[in-house]
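K.L.:
with the input below, show me the fold.
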Amino acid sequence: MSHGKIREDKTCLNCGHQVEERFCPHCGQQNIESRHPFYYLFTHFFEDFTHYDGQFWGTMKNLLFKPGRLTQVYLEGKRQQFVPPVKLYIFISFVTFLFISFQITDLNFGKERTRQAKEINKEIQKEAVKNKAVNEALQSPEVLKADSLSGGMLTRALDSSQVKSTAQDDVDVENIFKENKSITKSLGLQSMEDFDKRNQKNAHKYQTFRPFVAKIFELEEKGHSPSEITNMFIKSSVHNLPKALFIYLPLFAFLLWIFHSKKKWWYFDHGVFTLHYFSFLLLLTLLLFVLNKVFSYFGETSSFAIIMKGLLTTGATVYAGCYFFVAHYKTYRTHPALTILVGAVLFFINTVLFTFLLMGLGIVSFLLMH
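P.N.:
Got it, this is the predicted structure:
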């Protein structure tokens with residue numbers, strides 16, 4: 001609840017009715033001062049969402065640990081206890097994908113290669129400093145005199161050592177940066193005309209891949225390497241995933257509507273269940289990303305981090321599947337055997353459909369890269 005200062009004027013700014021206490025009895029608006037500090041824009045949002053009265057935190061607790069509870073209470077008409085389904089889904093979706101987008105901002109599959117190259121460049125610079133010091137030392141009269149007495153052997157030995165060291169460093173750098181910088185060339189393609197000739201020669205059986213090859217040529221012409229193209233694809237897919245999920249929500253609810261009594265359950269009821277279940281999945285995903293981020297500080301390649309990430313991912317996957325069956329049973333109150341059967345069929349169908357959705361998302365994301 002907002003703690004803004006109550007106005008001395010008892011006339012509601014919104015509808016003009018008299019306000020005896022904090023809230024207008026006609027429109028419900030608070031009769032508080034309308035001008036606030038700048039930070040109020042942000043604090044008001046969180047106050048309005050969390051209510052500071054336990055509604056938000058109670059919703060999170062029930063969403064995570066009590067499958068079907070939120071849907072059951074909402075459909076019973078008790079709608080002031082918890083955050084409304086649509087508002088809940090939008091908020092969790094926003095926070096989840098915002099966090100994920102921050103995690104992939106610096107995504108770079110060439111990090112290790114770049115790190116090694118930087119280390120070698122540092123060694124080269126150190127060697128160059130040493131060589132410079134040696135060359136300066138050779139110019140001193142004492143060294144020149146000693147070198148002349150030895151017939152120039154000292155100078156030749158030092159020069160040979162410098163050349164060998166520099167040449168070895170050049171080879172190392174070349175090996176580190178030695179990679180196939182062109183996807184199309186690795187496929188033996190020089191241009192789209194080359195692809196079209198091969199396609200025509202093979203009775204156009206590669207026609208389906210033409211838009212993808214054209215996109216790769218387009219990106220390579222702009223100077224993008226394979227690792228950069230991969231990074232762009234992942235970022236584009238994550239950016240489009242919220243839209244794909246939002247499109248899939250009605251389909252998920254429609255499948256529930258097909259498998260349940262039309263007289264007892266309306267499509268609206270299935271929509272509420274869908275919003276709560278997808279909110280749970282997004283919240284679980286958010287927690288999984290946060291915990292993985294925490295364990296990454298122990299070292300990306302450490303045994304502890306790898307084991308913990310594997311256990312968390314496996315545990316979250318199993319929990320998400322069990323959660324669906326429990327929530328389905330508590331919401332629809334069908335016979336346990338029927339719940340397992342219908343739930344298994346729904347789970348299988350949605351898994352297949354969602355897989356196709358992700359494939360479609362990948363195709364669209366790739367073709368929209370620029």
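
K.L.:
contacts, neighbours, all on C-alpha from now
P.N.:
Fine.

K.L.:
and Cys24, how close does it get to Gln18?
P.N.:
If you measure Cys24 against Gln18 using CA to CA, to the nearest Å, the figure is 7 Å.

K.L.:
who has more neighbours, the two?
P.N.:
Cys24 (21 against 16; other CA atoms under 10 Å).

K.L.:
my read: that one touches Ile32, true?
P.N.:
No: taking CA atoms under 8 Å as the contact criterion, Cys24 and Ile32 are not neighbours in contact, 10.5 Å apart.

K.L.:
okay, now the nearest residue to Leu63 once chain neighbours are set aside: neighbour count?
P.N.:
Excluding the flanking residues, the one nearest Leu63 by CA to CA, 6 or more residues apart in numbering is Phe280, at 6.0 Å. Around Phe280 sit 24 other residues, with neighbours defined as other CA under 10 Å.

K.L.:
and after the host helix or strand of Phe280, which helix or strand comes next?
P.N.:
Using DSSP states H and E, Phe280 sits within helix 267-296. Reading on from helix 267-296 to the C-terminus, the next helix or strand found by DSSP H and E is helix 303-332.

K.L.:
could you say what helices and strands the helix holding Phe280 packs with?
P.N.:
Under the contact criterion of 3 or more CA pairs under 8 Å, 6 or more residues apart in numbering; DSSP states H and E, helix 267-296 touches helix 55-65, helix 69-75, helix 85-103, helix 226-258, helix 303-332.

K.L.:
how about low-confidence regions in this structure?
P.N.:
Within the chain, the stretches with pLDDT under 70 are 1-4, 34-54, 105-125, 127-181, 300-301.

K.L.:
just give me the residue right at the centre of it.
P.N.:
For the chain, Ile100 is the residue whose C-alpha lies nearest the centre (CA atoms, centre = their mean; 3.3 Å).

K.L.:
any idea how far it is from Gln81?
P.N.:
With distances taken as CA to CA, Ile100 is found 30 Å from Gln81.

K.L.:
same thing with His224?
P.N.:
As judged by CA to CA, His224 and Gln81 stand 52 Å apart.

K.L.:
what's the answer for Leu353, then?
P.N.:
Leu353 is 34 Å from Gln81, where distance means CA to CA.

K.L.:
how about Trp257?
P.N.:
Distance from Trp257 to Gln81, counting by CA to CA: 26 Å.

K.L.:
then Thr59?
P.N.:
Between Thr59 and Gln81 the distance is 8 Å, computed by CA to CA.

K.L.:
coming back round to it: OK, contacts around the residue nearest to the centre of the chain?
P.N.:
If you count contacts by CA atoms under 8 Å, 6 or more residues apart in numbering, Ile100 has them with 238, 286, 289.

K.L.:
ok, now how distant is it from Tyr319?
P.N.:
According to CA to CA, Ile100 stands 21 Å off from Tyr319.

K.L.:
got phi/psi on His224?
P.N.:
phi -80, psi 130 (degrees, to the nearest 10).

K.L.:
might you report the residue contacts of it?
P.N.:
For His224, the contact set (CA under 8 Å, 6+ apart) is empty.

K.L.:
and if you look at Phe82?
P.N.:
Taking CA under 8 Å, 6+ apart as the criterion, Phe82 is in contact with 55-56, 58-59, 70.

K.L.:
I'd like to know which of those residues are buried.
P.N.:
Listed as buried from the contacts of Phe82 are 56, 59, 70; burial here means 16 or more other CA atoms under 10 Å.

K.L.:
you'd agree Thr184 is up against Phe217?
P.N.:
Yes: contact criterion CA under 8 Å: Thr184 and Phe217 qualify, at 7.0 Å.

K.L.:
helix, strand, or coil at Lys263?
P.N.:
Reducing the assignment to helix, strand or coil with DSSP: H, G, I helix; E, B strand; the rest coil, the entry for Lys263 is coil.

K.L.:
give me the number of residues near it?
P.N.:
Burial of Lys263, expressed as a neighbour count using other CA under 10 Å, amounts to 6.

K.L.:
try Gln190
P.N.:
Here the neighbour count serves as a burial measure; for Gln190 (other CA under 10 Å) it reads 12.

K.L.:
then it would be within a helix, right?
P.N.:
No: when classified by three-state DSSP, Gln190 is found to be coil rather than part of a helix.

K.L.:
isn't it right up against Asp196?
P.N.:
No: at 11.0 Å, Gln190 and Asp196 do not qualify as touching, with contact defined as CA under 8 Å.

K.L.:
Val83: which element?
P.N.:
With the criterion set as DSSP H and E, no secondary-structure element contains Val83; it sits in neither a helix nor a strand.

K.L.:
let me know whether it touches Phe56 as I believe.
P.N.:
Yes: distance between Val83 and Phe56: 6.2 Å, which falls inside the contact criterion (CA under 8 Å).

K.L.:
give me the neighbour count for Lys309.
P.N.:
Other residues within reach of Lys309 by the criterion other CA under 10 Å amount to 20.

K.L.:
ok, Pro67 next?
P.N.:
The criterion is other CA under 10 Å. On that basis, Pro67 has 23 neighbouring residues.

K.L.:
how about Glu193?
P.N.:
Neighbour count of Glu193, defined by other CA under 10 Å: 10.

K.L.:
no further queries at this time; thank you.
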